[in-house]
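**Q** coordinates only, sequence not included:
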Ligand code: GLN
């Protein structure tokens, strides 16, 4: 059995203890054995083996020619385009749709020697918190399959949790990488808005969307981020400041961290979550970092702001699925109007439709100012408040989730409860800030499900988030 994290696996291959083909084979076996968890919607078995052979030969012929991610086995969420491969966003709407392009971070990973093993299940168009809205059915949490893995990158989180790849690429619009990482006991990072190109990521809410990563170890995530981040002329919101790996490795800084009074003083805070937070706070202090609570009274506005703005953006982004240009097209329509109507009625699932209707409503002439404009103003207020906290503090500490992973079916019946459960993760996307979720385990005997703690950093402070996480793990 080869090591789970990439850095160790690479060393083992270089030492001649194992080769890349065996590594890919063992992942493929794990994927087969775990089919009941519904992690992957497609596995690139032959292709991954062929690439492993090629990369192994390349190394044997010229060891100095290998790239930074040589032999790293990654999976990609079913919203990330990979040319000549199917991408469906977990939706009937994109049945059998073949990507015409490769997403920039995927291309950069391939150029650096990565191997793509398959595409993972997710909520339809990345809308959801439980991975239950996918047309392929739910993904199950590997620790307890009666529970959800979280969403929308649930497949990506279980893919790492159950050792079917070294690292998973997901997307995070409001927590979709951090929340499932927390529910599954792995690490999830959402970079600063613009730090990784969004070219080739199927859009949900463009001013919130980011490619995010799920992995076993900080070294792997830092290495991957430094390789794929940076300017991309195909995404005008990207910029030329890739993550600096050496800054993560040499960092011994002591940080000032803020927690929100409204969260940590709340007597209703779930005991499991509270125990994880208390433990992290005492670890931070023991490591010589400073921790204080500050007031953040805008907390109740996070979820409404997020859902007004993301549904509005989604209703615009998803208007392109009209039965003419992309994917699914209803067969029994009589004219153009009924083609649109039937295609969208049949092609989209219930959660996507709910959001498109909400988004269309908040953008409609009579309500635009009352909802959309207002939410934009509140977004700016939230950002200003957070920026002023981050002038004094290096980072903000929050739980990643309000609870441990819920049982399958328990949240999906109640969308409002599901939306409210995103309260701690949407903040980073509202503000465009980087955030990481790392697993935390207290020794209470009944706390058997994984839990995550979240650090939110200043813009472009991924290196600080990664190094502090490294100290805490
Ligand atoms: N749960 C959130 C939503 O449904 C976040 C989704 C995401 O980050 N893609 O919008």
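**A** Done, it's in. All figures in this text were calculated on a predicted structure; none of them were measured in a lab.

**Q** So is stretch 85-92 next to the ligand?
**A** No. Counting by C-beta under 6 Å from any ligand atom, the ligand has no neighbours in stretch 85-92; the shortest distance is 10.7 Å. In short, each C-beta sits where N, CA and C put it, glycine included.

**Q** Show me the strands in the stretch 251-400 of the chain, by range?
**A** Assigned by DSSP state E, counting those that start in this stretch, the strands in the stretch 251-400 of the chain fall at 256-260, 290-294, 395-399.

**Q** Which secondary structure elements does the last one sit against?
**A** Taking 3 or more C-beta pairs under 8 Å, 6 or more residues apart in numbering; DSSP states H and E as the contact definition, the neighbouring helices and strands of strand 395-399 are strand 256-260, helix 271-286, helix 374-392, strand 452-457, helix 462-472.

**Q** Deepest in the core, which of these is it.
**A** Of the helices and strands packed on strand 395-399, the one with the most neighbours on average (mean count of other C-beta atoms under 10 Å) is strand 452-457, at a mean of 27.

**Q** where does this protein dip in pLDDT?
**A** 1-3, 250 (pLDDT under 70).

**Q** Residue nearest the middle of it, spatially speaking?
**A** With distances taken as C-alpha atoms, centre = their mean, residue 177 lies nearest the centre of the chain, 2.2 Å away.

**Q** Bridged to the closest residue to that residue other than its chain neighbours, which residues?
**A** In space, residue 177 comes closest to residue 212 once its chain neighbours are excluded; the distance is 3.1 Å by C-beta to C-beta, 6 or more residues apart in numbering. For residue 212, the beta-bridge partners under DSSP bridges are residue 170.

**Q** Residue 212: what's it in contact with?
**A** 153, 169, 170, 171, 172, 176, 177, 178, 188, 189, 190, 191 (C-beta atoms under 8 Å, 6 or more residues apart in numbering).

**Q** so the third one sits right up against residue 215, yeah?
**A** Just to be clear, that refers to residue 170. No. With contact defined as C-beta atoms under 8 Å, residue 170 does not reach residue 215; the gap is 10.7 Å.

**Q** hang on, the earlier thing: surely the residue nearest to the centre of the chain and residue 171 touch.
**A** Yes. If you go by C-beta under 8 Å, residue 177 and residue 171 touch, sitting 7.1 Å apart.

**Q** For the stretch 351-473 of the chain, give the residue positioned nearest to the ligand.
**A** residue 422 (4.7 Å; C-beta to the nearest ligand atom).

**Q** and that residue, helix, strand or coil?
**A** The three-state label for residue 422, taken from DSSP: H, G, I helix; E, B strand; the rest coil, comes out as coil.

**Q** what residues are up against it?
**A** By C-beta under 8 Å, 6+ apart, the neighbours of residue 422 are 129, 174, 175, 179, 303, 306.

**Q** same thing but at 6 Å, please
**A** 129, 174, 175 (C-beta atoms under 6 Å, 6 or more residues apart in numbering).

**Q** For it, give its distance to residue 4.
**A** Noted for residue 422: a distance of 29 Å to residue 4, by C-beta to C-beta, to the nearest Å.

**Q** and if you look at residue 421?
**A** Taking C-beta to C-beta, one finds residue 421 at 29 Å from residue 4.

**Q** measure stretch 54-73 end to end?
**A** 14 Å (C-alpha to C-alpha, to the nearest Å).

**Q** in it, what's buried?
**A** 55, 56, 58, 59, 66, 67, 68, 69, 70, 71, 72, 73 (16 or more other C-beta atoms under 10 Å).

**Q** so the fourth one makes contact with residue 65?
**A** If I follow you right, that is residue 59. No. In this structure residue 59 lies outside contact range of residue 65 using C-beta atoms under 6 Å: 7.7 Å.

**Q** sorry, back to before: compare neighbour counts for residue 170 and residue 215 and give me the winner.
**A** When residue 170 is set against residue 215 and neighbours are counted by other C-beta atoms under 10 Å, the residue ahead is residue 170, at 35 against 27.

**Q** so that one makes contact with residue 157?
**A** No. Residue 170 lies out of contact with residue 157 (C-beta under 6 Å); the separation is 7.6 Å.

**Q** Find residues that contact each of these two.
**A** Residues touching both residue 170 and residue 157 by C-beta under 6 Å, 6+ apart: residue 214.

**Q** residue contacts, the residue in the stretch 251-400 of the chain that the ligand sits nearest to?
**A** Going by C-beta to the nearest ligand atom, the ligand is nearest to residue 310 of the stretch 251-400 of the chain, at 5.7 Å. Residue 310 sits next to 205, 208 when contact means C-beta under 6 Å, 6+ apart.

**Q** run the last query once more with 7 Å
**A** Counting by C-beta atoms under 7 Å, 6 or more residues apart in numbering, residue 310 touches 173, 174, 205, 208.

**Q** Could you do residue 199 as well?
**A** By C-beta under 7 Å, 6+ apart, the residues touching residue 199 are 103, 104, 232, 234, 235.

**Q** Tell me which helix or strand it sits in.
**A** Using DSSP states H and E, residue 199 sits within no helix or strand.

**Q** The closest residue to it other than its chain neighbours and residue 411, how far apart?
**A** Once flanking residues are discounted, residue 199 sits nearest to residue 234: 4.0 Å by C-beta to C-beta, 6+ apart. Distance, residue 234 to residue 411, using C-beta to C-beta: 36 Å.

**Q** The two - which one has more neighbours?
**A** Legend: neighbour count by other C-beta under 10 Å for residue 234 and residue 411, higher for residue 411 (22 against 12).

**Q** What does that one show for phi and psi?
**A** phi -100, psi -30 (degrees, to the nearest 10).

**Q** isn't it right up against residue 130?
**A** Yes. In this structure, residue 411 is within contact of residue 130 by C-beta atoms under 7 Å, at 5.5 Å.

**Q** what residues do those two have in common as contacts?
**A** residue 418.

**Q** So what's the residue count around residue 145?
**A** Residues near residue 145, counting by other C-beta under 10 Å: 16.

**Q** Since that was my last question, I'll sign off now.
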